[in-house]
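Enquirer: This is a predicted model, with the sequence first.
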Amino acid sequence: MTDDRAEQAFRDAFAQHAEDRVTPRLPVVRRRRRWSVVAAVVAVLALVGGGGIVAALQEDPVTRPANEPAPGPESTDVLPAAPDGWRWATWHDVAVQVPASWRDGGEPKEDWCADWSGLPKSDVRPGPYVSRPVPMVTLSIACHAEDEGVPEVFGPAPLRMMRPHLTLAEPGALSDGETSHRGWSASLRTFGDIQLRLYLADADPASARIARRVHASTRTFSTDDHGCDVTSPVQAEAPVRPAEAFDVATVARVDSISVCQYDRLLGLDAPALMGSRRVEGAEADALLAAIQAAPLGGGPDRRSCPEDAYGDDALAVRLHHDGTTDDLHMYYDSCRGNGYDDGISRRELTAGNCSALFDGPVVALVYMSELHRRCGRR
Amino acid sequence: METAEEPSVTSEVPLDFETWVSARGPALQRFAHLVTGASDAPDLVQEALSRAYPRWAELARTDTVEAYVRRSIVNASVSGWRKTRRLVAVEDTEPHVRTAGPDPAVAVTDADHAWRLCAELPVTQRAAVVLRFYEDLSFAQIALILDCPESTARSHVHRAVAALRARLEQENTDDR
């Protein structure tokens, strides 16, 4: 089913419901003194067919109440800084607060019993974590189940490997609801195109407080607390040059750098922000210098591949400087067109200007060995 | 409706304010009703015009009257929605329970599904959908009215369309 049917449904609904309520009347309007604003407006407003007295004037419509608690899912334009002890976990345009100590990690999958070296994995996954639906490779091996009767919602790994965590998942595989088993509780709730799966230990006195904060803070947003928008031109299937070109060589210094990663398989309209981080201080200075010092011409590109083998994701590297922002487009897993682009020049990816980007929520599955040498974390 | 008794005075009410309200009033009331689905749409329009009136000269000069008034309607409905919406604590949640389906004797159209979905949307998102599919505005125009980035306006509409499509697909599945 395409979107056309849904869009037409909205049009039909509005057409039906818009015509059956309005009975406007056109009165003769007496003019009032300027100070009698309310009275004047009441008279004129008789035109719109409404009765009643004009409500008391409230605050300016362009401001919003401060400190108003968020009772549940809502829209926020720019994510505010999270309170002390908490941080934002985001995927696309959905944000939720989790304890600041919760790291970014991944749920154990069907290959929980082995690691990449083939040796048995330790059962220790240190500490609570947030798992996001970043595409990851799973080994095709059969790990024998250790526990019996474990509800599917708790996953394939043994319960001894369970840790408090929040998983942001694509909905559909598991139904919303609450499930408890052997001292662990799972709460699954879907907001738009994201399902939040929260796993907490029943015996932990902090669990109830964490659950309340997670559910109360969930919201959609347009710009996150790292300065990244939920959409970007770089999420186009083919590489694009920045519409607002600037010469990165002329940037003397930066206040900070936002690193924003986008999925290129969702189209231009859908929120596609996968992960983000903000680089500041000496690290930001070093990154800027490394970008500026990189050889012109872009690259490295792959030697043998179809030219339209565009990568699955890309970065917008947003420089905050001199009271403004400028975006570099950074491609790293395409057949052609890898490198930095400021709209005027393209620059090559180097160890100095690439590896510093991928950390925390910004991850890359790099299969090209040359890129791995330049972009892999040391 | 003829107003009452006070004698006419030399008006300081700009004539174009009255003209504009006369021309746009019905459309604003329809917009307010579609955004809120509530019977207090006329009150929301009254509120919005009350706020616009003291700023009329500036709004007219900058040609932002329409955007300002519509935004006022949306914000006023959001304020009212937050005050009346019941808060549900986490501890009150229950396991998901499938509710009874609709009366099979009553055919539910796509438009019915759309209208029901609209009732569930946050006001700002609903306003974006109304502006897109009733007013046929561009995302840039919607962003101006709702005072949000264009990407947010797109996101509002995209998510609503996706949600309705999922419901219509489920309807098709249930009918088999």
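Expert: Yep, that arrived.

Enquirer: Which positions within the host helix or strand of A:F14 qualify as buried?
Expert: For A:F14, the host element (DSSP states H and E) is helix A:3-18. Within helix A:3-18, the residues that qualify as buried are A:A6, A:E7, A:A9, A:F10, A:R11, A:D12, A:A13, A:F14, A:H17, A:A18, counting by 16 or more other C-beta atoms under 10 Å in any protein chain shown. For the C-beta atoms, the positions are set from N, CA and C on the backbone; glycine is no exception.

Enquirer: The fourth one contacts B:R165, correct?
Expert: No. The pair A:F10 / B:R165 is not scored as a contact, 10.9 Å apart, by C-beta atoms under 8 Å.

Enquirer: Filtering the buried residues of helix A:3-18 by proximity to chain B, which remain?
Expert: Counting by C-beta under 8 Å from any C-beta of the partner chain, A:A6, A:E7, A:A9, A:F10, A:R11, A:D12, A:A13, A:F14, A:H17, A:A18 from these sit close to chain B.

Enquirer: would you turn those residues into TSV with pLDDT?
Expert: Shown next, in TSV, are these (pLDDT from 0 to 100):
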residue	pLDDT
A:A6	91
A:E7	92
A:A9	93
A:F10	94
A:R11	92
A:D12	91
A:A13	92
A:F14	91
A:H17	85
A:A18	79
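
Enquirer: low pLDDT regions in chain B?
Expert: B:1-15, B:38-39, B:78-107, B:174-176 (pLDDT under 70).

Enquirer: Where does it get nearest to chain A, which residue?
Expert: B:P42 (2.5 Å; C-beta to the nearest C-beta).

Enquirer: right, and the secondary structure at that residue would be what?
Expert: Of the three states, B:P42 takes helix under DSSP: H, G, I helix; E, B strand; the rest coil.

Enquirer: Does the residue positioned nearest the centre of chain B lie in a helix or a strand, and which?
Expert: Among the residues of chain B, B:V35 comes closest to the average C-alpha position under C-alpha atoms, centre = their mean, at 2.2 Å. Here B:V35, judged by DSSP H and E, is contained in helix B:15-36.

Enquirer: how about that helix: buried residues?
Expert: Buried residues in helix B:15-36 (16+ other C-beta under 10 Å): B:17-18, B:20-22, B:24-36.

Enquirer: Also near chain A: which of those residues, exactly?
Expert: Okay, of the buried residues of helix B:15-36 touching chain A (C-beta under 8 Å from any C-beta), that's B:F17, B:E18, B:V21, B:S22, B:G25, B:P26, B:L28, B:Q29, B:R30, B:H33, B:L34.

Enquirer: Just send those residues back as a markdown table, with distance to A:S180 too.
Expert: Shown next, in a markdown table, are these (distance: C-beta to C-beta, whole Å):
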| residue | distance to A:S180 |
| --- | --- |
| B:F17 | 62 |
| B:E18 | 64 |
| B:V21 | 58 |
| B:S22 | 62 |
| B:G25 | 56 |
| B:P26 | 55 |
| B:L28 | 51 |
| B:Q29 | 50 |
| B:R30 | 49 |
| B:H33 | 45 |
| B:L34 | 43 |
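
Enquirer: pLDDT weak spots in the stretch 101-250 of chain A?
Expert: In the stretch 101-250 of chain A (pLDDT under 70), the answer is A:111-112, A:114-126, A:135-142.

Enquirer: which bits of it sit near chain B?
Expert: Within the stretch 101-250 of chain A, the residues that sit near chain B (C-beta under 8 Å from any C-beta) are A:175-179, A:187, A:192-193, A:208, A:211-212, A:215-216, A:220, A:222-223, A:229-231.

Enquirer: Out of these, which end up buried?
Expert: Members of these classed as buried by 16+ other C-beta under 10 Å are A:178-179, A:187, A:192-193, A:211, A:215-216, A:220, A:222-223, A:229-231.

Enquirer: which SSE is the residue of the stretch 201-350 of chain A found nearest chain B in?
Expert: Nearest to chain B in the stretch 201-350 of chain A, going by C-beta to the nearest C-beta, is A:S222, at a distance of 3.8 Å. If you go by DSSP H and E, A:S222 is part of strand A:219-223.

Enquirer: what residues does that strand touch?
Expert: A:70, A:73-79, A:90, A:93-96, A:191-192, A:229-230, B:148-149, B:151-152, B:155, B:159 (C-beta atoms under 8 Å, 6 or more residues apart in numbering or on different chains).

Enquirer: let's see it at 7 Å
Expert: A:70, A:73-79, A:93-95, A:229-230, B:148-149, B:151-152 (C-beta atoms under 7 Å, 6 or more residues apart in numbering or on different chains).

Enquirer: Give me the subset of those lying in strands.
Expert: Residues from these lying in strands, with DSSP state E as the criterion: A:S75, A:T76, A:D77, A:V78, A:V94, A:A95.

Enquirer: Now list the buried members of those.
Expert: Here, 16+ other C-beta under 10 Å leaves A:S75, A:T76, A:V94, A:A95 buried among those.

Enquirer: what sits opposite the last one in the beta ladder?
Expert: What it means is A:A95. A:A95 has the following beta-bridge partners by DSSP bridges: A:T90, A:R219.

Enquirer: contacting residues for it?
Expert: A:L79, A:W88, A:R219, A:F221, A:D224.

Enquirer: the helices in chain B, which residues?
Expert: When assigned using DSSP state H, the helices of chain B occupy the ranges B:15-36, B:41-52, B:56-62, B:65-84, B:110-120, B:123-133, B:139-146, B:150-175.

Enquirer: want to try CSV for the ones you listed, with distance to A:G267 as columns?
Expert: Output for those, formatted as CSV (distance: least, C-beta to C-beta, whole Å):
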stretch, distance to A:G267
helix B:15-36, 27
helix B:41-52, 35
helix B:56-62, 35
helix B:65-84, 27
helix B:110-120, 22
helix B:123-133, 17
helix B:139-146, 14
helix B:150-175, 9
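
Enquirer: Any idea which of the ones you listed gets closest to A:G106?
Expert: Of all the helices of chain B, it is helix B:150-175 that lies closest to A:G106, at 26.1 Å by C-beta to C-beta.

Enquirer: Sort out which residues of the closest one are buried, please.
Expert: Applying 16+ other C-beta under 10 Å to helix B:150-175 flags B:150-161, B:163-168 as buried.

Enquirer: can you narrow those to ones near chain A?
Expert: Contacts with chain A within these, as defined by C-beta under 7 Å from any C-beta of the partner chain: B:S151, B:T152, B:R154, B:S155, B:H158, B:R159, B:V161, B:L164, B:R165, B:L168.

Enquirer: The third one contacts B:I142, doesn't it?
Expert: In other words, B:R154. No. Look at B:R154 against B:I142 with C-beta atoms under 7 Å: they stay out of range, at 8.6 Å.

Enquirer: Between the two ends of stretch A:187-201, what distance do you get?
Expert: 12 Å (C-alpha to C-alpha, to the nearest Å).

Enquirer: coming back round to it: looking at the helices of chain B, which is nearest to A:L296?
Expert: Among the helices of chain B, helix B:150-175 sits nearest to A:L296 (C-beta to C-beta), with 31.3 Å.

Enquirer: packing partners for the closest one?
Expert: Helices and strands touching helix B:150-175, by 3 or more C-beta pairs under 7 Å, 6 or more residues apart in numbering or on different chains; DSSP states H and E, are helix A:3-18, helix B:110-120, helix B:123-133, helix B:139-146.

Enquirer: what inclination does the strand holding A:S222 have with respect to helix B:139-146?
Expert: Between the axes of strand A:219-223 and helix B:139-146, defined by axes from the mean of the first three to the mean of the last three C-alpha atoms, to 10 degrees, the angle is 110 degrees.

Enquirer: same for the helix or strand hosting A:A314, what does it pack against?
Expert: A:A314 belongs to strand A:313-321 when assigned by DSSP H and E. Secondary-structure packing of strand A:313-321 (3+ C-beta pairs under 7 Å, 6+ apart): strand A:256-263, strand A:324-331.

Enquirer: For A:R87, see how far away the closest residue to A:D224 other than its chain neighbours is.
Expert: Among residues not flanking A:D224 along the chain, A:L79 sits closest, at 4.9 Å (C-beta to C-beta, 6 or more residues apart in numbering or on different chains). Per C-beta to C-beta, to the nearest Å, A:L79 is found 11 Å from A:R87.
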